[in-house]
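Undergrad: Need a 3D model of the following:
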Amino acid sequence: MIWVCRSGKHGKDYDEVRKFSDVFMGWDGYRLDLSGLINREDFKELVIKEKNPAARTTISNWAGQLYSFCREMQKGDFVLVPNLNAKEFLLARIVGDYRFEADRMYPHVRRIEVLKEGISRSLFSQSTQYSLGAFRTVFKVRQEEEILTVAQINHEGDI
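TA: Numbers count the residues shown, from 1 in each chain. You can find the predicted model right below:
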């Protein structure tokens with residue numbers, strides 16, 4: 001499984017990902033440990049309590065991203081982190097479970113092992129570039145084989 005996880009608003013905290021070897025949910029608010037939330041309904045209730053968005057689709061979208069980050073991402077999955085300024089990506093492997101670190105600017109984190117940096121956006125097909133440009137903070141990638149081939153990473157995780 002490959003995920004995209006943006007680093008802060010518009011990817012502005014890309015260097016933080018590299019510095020700490022963590023991916024994180026760079027959203028304002030949600031300053032509580034989410035490990036006790038089990039299902040999507042729990043996350044929907046949190047979104048309503050925290051942000052109270054008017055649209056049901058917004059609630060589902062935000063809750064789904066939080067759920068994915070906390071519950072669906074697994075150790076061994078890959079994560080692609082965009083550096084929007086340089087139009088490139090970092091590819092890493094998730095090596096840690098979700099954890100909450102209250103003292104950090106973005107307290108919802110997962111430990112990663114960086115496998116490759118500087119993967120140019122231009123190396124991907126046009127359709128993959130479009131899909132990687134989605135506005136969501138966290139989402140599953142459909143073009144796994146292309147991404148691993150471009151990054152020259154074996155699907156089992158070898159470099």
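Undergrad: which regions of the protein sit below the pLDDT cut-off?
TA: Applying pLDDT under 70 to the chain flags residues 10, 154-159.
Undergrad: One more pass at 80, please.
TA: Within the chain, the stretches falling below the threshold (pLDDT under 80) are 9-11, 86, 153-159.
Undergrad: Identify the residue nearest the geometric centre of this structure.
TA: For the chain, the residue whose C-alpha lies nearest the mean C-alpha position (C-alpha atoms, centre = their mean) is residue 5; its distance is 2.0 Å.
Undergrad: Just give the closest residue to that one, not the sequence neighbours.
TA: Distances taken as C-beta to C-beta, 6 or more residues apart in numbering place residue 23 nearest to residue 5, at 4.4 Å, with adjacent residues excluded. For the C-beta atoms, the positions are set from N, CA and C on the backbone; glycine is no exception.
Undergrad: Equivalent analysis for residue 81, please.
TA: Distances taken as C-beta to C-beta, 6+ apart place residue 90 nearest to residue 81, at 4.5 Å, with adjacent residues excluded.
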